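**Student:** take this sequence and fold it.
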Amino acid sequence: MTKMLRWSPEQLAAHQARQPKPAPAVQSKADRAAAVLKRNQAKGRLPRGTMNKTETRYSVYLDQQKLAGGVLWWSFEGIKLMLAKNTSITIDFAVMSASGVLEMHDVKGAKAMIEDDARAKTKIAAALYPFVFKFVYPAEKGSDVWTEEEV
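**Tutor:** Next up, the predicted model:
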């Protein structure tokens, strides 16, 4: 003869709380990077000439550098470079450093957000034009410290 147990809702909730939770699935480094990229990508493109939040923060940083004398001039989306027929790259920020060198800065939200096509276009542009090309991204999420990666 089998005896049936009847639990109250409180007893059932207490029992379920004691049950071990399944271990999260192990992801490869590439899968985690792809998930971060997908989560952080913009839902759509902003109109030309409009800065996103990261670019706005970087423009404030450039203004501070200008006041400190580290930057002489900068322009947002002021330069478009032709790479081949029907292929171009619009630089986020053209920056003239205090030494007079013109640098092209492509601002990203994180290092993981530098996609292969952006890296390829930037390398081609660096081979064709006499500018210094850099990817720029925050050192930490929400940080006002910027990491520059020369191409």
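
**Student:** next, the distance between the ends of stretch 45-64.
**Tutor:** Stretch 45-64 has an end-to-end distance of 27 Å (Cα to Cα, to the nearest Å).

**Student:** in stretch 52-61, what counts as buried?
**Tutor:** By neighbour count on 16 or more other Cβ atoms under 10 Å, the buried set for stretch 52-61 is Thr54, Glu55, Arg57, Tyr58, Ser59, Tyr61. For the C-beta atoms, the positions are set from N, CA and C on the backbone; glycine is no exception.

**Student:** helix or strand next in line after the host helix or strand of Ser59, which one?
**Tutor:** If you go by DSSP states H and E, Ser59 is part of helix 53-68. Next along the chain after helix 53-68, taking DSSP H and E as the criterion, comes strand 71-76.

**Student:** list the buried residues in that next one.
**Tutor:** So for strand 71-76, counting by 16+ other Cβ under 10 Å, buried means Val71, Trp74, Phe76.

**Student:** do stretch 86-103 as well
**Tutor:** Neighbour counts over stretch 86-103 (16+ other Cβ under 10 Å) mark Ile89, Ile91, Asp92, Phe93, Ala94, Val95, Glu103 as buried.

**Student:** cool, thanks, talk later.
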